[in-house]
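A.B. asks: Next comes the sequence, and after it the predicted model I'd like to discuss.
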Amino acid sequence: METDVLPGIPTDFPIGRDRLSAVIRLRMSDAKEFRVVKAPDRRVFRLIFANRNKSAWDVLKAFYLAHRDEYITWIDPENGRRYTVYFATDPRFAQASHARRDISIELVEAVDAPLGVYPQTPLVMMSTSRFLTGMTAKIVAYRGYGFSMVASGVTNMKVDGVSVGATAPVWNIKLGLHRLEVLPKTADISAFGFVP
């Protein structure tokens, strides 16, 4: 049994979903704007547990106290996808009625944290024209987890300088800003998609 999974107390829908952007925008005196991507966007999940009994609060509070400084696993009840997250704030509650509480928790997706099970969906397709031809490889940058690719003539692929073999898909990649190199530069790439 996994001990780092947020207890499966049913949440009230909708679950709040936002993104924290890691793009720095600089506006110059001539009105030109430059964008620098520092990291992938992180998802923020706001979970609401309305009108729960005290035992639900006790379970969530005990879990928080045991894992507040660690990465935890949260399983999205809508699609079953697992996320490595951390607590953005302390869990909060408001008295709803006698012995009943409205509880809220905010979780932030952790960048560059390992997962027990890596996501394979949704797959965002990227135009193969985004690949640049370098001295020895075709190169593309993307923000997300693993990727899938249809290509021929590939002898090796490197993600952030680390070899991941010559065949795709490659799912076990942590959330991050990645540089993918496909060797040799003569490889024919007909389709490329990644998990955001």
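C.D. replies: Now that the structure is in, tell me what you want to look at. Numbers count the residues shown, from 1 in each chain.
A.B. asks: can you map out the helices along the chain?
C.D. replies: In the chain, the helices defined using DSSP state H lie at 54-67.
A.B. asks: what about the closest residue in space to Ala141 that isn't next to it in sequence, how many neighbours?
C.D. replies: Sequence neighbours aside, Arg179 is the residue nearest to Ala141 in space, at 5.3 Å (criterion: C-beta to C-beta, 6 or more residues apart in numbering). For the C-beta atoms, the positions are set from N, CA and C on the backbone; glycine is no exception. Arg179 has 13 neighbours, counted by other C-beta atoms under 10 Å.
A.B. asks: can you tell me which residues contact Arg179?
C.D. replies: Contact analysis of Arg179 by C-beta atoms under 8 Å, 6 or more residues apart in numbering lists Ile139, Val140, Ala141, Val159, Asp160, Gly161.
A.B. asks: Out of the residues you listed, grab the one that's most surrounded.
C.D. replies: Most surrounded of the contacts of Arg179: other C-beta under 10 Å gives Val140, at 21 neighbours.
A.B. asks: wait, what's in contact with that one?
C.D. replies: Applying C-beta under 8 Å, 6+ apart to Val140 gives the contacts Met126, Arg130, Phe131, Leu132, Arg179, Leu180, Phe192.
A.B. asks: what's the pLDDT at the closest residue to Gly146 other than its chain neighbours?
C.D. replies: Spatial nearest neighbour of Gly146, excluding adjacent residues (C-beta to C-beta, 6+ apart): Trp171 at 3.8 Å. Predicted confidence (pLDDT) for Trp171: 93.
A.B. asks: returning to what we had before: of the contacts of Val140, buried ones?
C.D. replies: Among the contacts of Val140, the ones that count as buried by 16 or more other C-beta atoms under 10 Å are Met126, Phe131, Leu180, Phe192.
A.B. asks: Check whether the first one really touches Tyr142, as I assumed.
C.D. replies: Yes. Between Met126 and Tyr142 there is a contact under C-beta atoms under 8 Å: 6.6 Å.
A.B. asks: Identify the contacts common to the two.
C.D. replies: In contact with both Met126 and Tyr142: Phe194, using C-beta under 8 Å, 6+ apart.
A.B. asks: what about the chain, any weak spots by pLDDT?
C.D. replies: Applying pLDDT under 70 to the chain flags the ranges 1-3, 13-14, 16, 18-24, 36-39.
A.B. asks: how does it divide up, domain by domain?
C.D. replies: For the chain, automatic domain parsing gives the domain ranges 16-109, 124-191.
A.B. asks: The longest strand that the chain contains pairs with which strands, parallel or anti?
C.D. replies: Counting residues, the longest strand in the chain under DSSP state E turns out to be strand 42-53. Next to strand 42-53 in the sheet, as set by DSSP bridges, lie strand 16-20 (antiparallel), strand 100-109 (antiparallel).
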